[in-house]
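Novice: everything below, folded, please.
(one chain, ligands or ions: 2)
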Amino acid sequence: LQEVLIRSVELTSPRLDEKNMQFDVDIVRDVTVMGDFNRLIQIFTNLIANSITYSPENTTVTLRIKENEEYGIVEVEDQGMGIEKNEIARIFERFYRVDKARSRNSGGTGLGLAIVKHLIEAHFGKINVESEVGKGTCMKVYIPLKKSN
Ligand code: ATP
Ligand code: MG
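Specialist: Ligands and ions are numbered 1, 2, ... in the order given. Next comes the predicted model:
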């Protein structure tokens, strides 16, 4: 996963720089998962792009790699506007955008997270969202570990 995150950081850093934001990359130990390199990159560039879009300037996007018995885990955490509890279930729907974000940002189709969810499911993984309005959001992505035997 380390290589995937490094590439995802490279691809998104121009937009991050534009907003005077920074990455904090916390990789204690690399983890190998079962996945397609380019599709994994698509997942994390989408999540990072959202963190950039929905955060104010001069904030940090933190990336962490973890693991449990079954999964390699990547956390993408921001210090952005957050998502209301009752909206969290809906953000993975196609074309769904939270109202405030829609009026504030002209771009965006609302497809990003629908694609992310589809790609994660294609890897037999899952995604979990923790968010607090006004504080930030943490997206946790679980991808099955590659068993070395
Ligand atoms: P695009 O298709 O360009 O990605 P989008 O970013 O609006 O458009 P999604 O990525 O699917 O669409 O996200 C859906 C909605 O979820 C966003 O419009 C936004 O309201 C909310 N959202 C997603 N990520 C975050 C985040 N990190 N912080 C706050 N809100 C978020
Ligand atoms: Mg998006």
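Novice: how close does the spatially closest residue to Asp26 that is not a sequence neighbour get to Ala89?
Specialist: Closest residue in space to Asp26, ignoring its immediate chain neighbours: Arg64 at 4.6 Å, by Cβ to Cβ, 6 or more residues apart in numbering. The way it works is simple: take the backbone N, C-alpha and C, and place the C-beta from them, glycine included. For Arg64, the distance to Ala89 equals 24 Å [Cβ to Cβ, to the nearest Å].
Novice: before we move on, what about Asn50?
Specialist: Using Cβ to Cβ, Asn50 is found at 16 Å from Ala89.
Novice: which of those two has more neighbours?
Specialist: Between Asn50 and Ala89, Asn50 has the larger neighbour count (other Cβ atoms under 10 Å), namely 22 against 10.
Novice: did I read that right, the more buried one in a helix?
Specialist: Yes - with DSSP: H, G, I helix; E, B strand; the rest coil as the criterion, Asn50 is assigned to a helix.
Novice: so who does it touch?
Specialist: Counting by Cβ atoms under 8 Å, 6 or more residues apart in numbering, Asn50 touches Gly112, Leu113.
Novice: do that again at 10 Å, thanks
Specialist: Contacts here follow Cβ atoms under 10 Å, 6 or more residues apart in numbering; on that basis Asn50 touches Val61, Val76, Asp78, Gly80, Ile91, Ala101, Gly108, Gly112, Leu113, Val116, Thr137, Met139.
Novice: out of those, list just those in strands.
Specialist: Secondary structure assignment (DSSP state E) places Val61, Val76, Thr137, Met139 from those within strands.
Novice: tabulate the residues you listed (TSV), appending distance to ligand 1 and neighbour count.
Specialist: Shown next, in TSV, are the ones in strands among the contacts of Asn50 (distance: Cβ to the nearest ligand atom, whole Å; neighbours: other Cβ atoms under 10 Å):
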residue	distance to ligand 1	neighbour count
Val61	9	24
Val76	8	23
Thr137	4	24
Met139	7	23
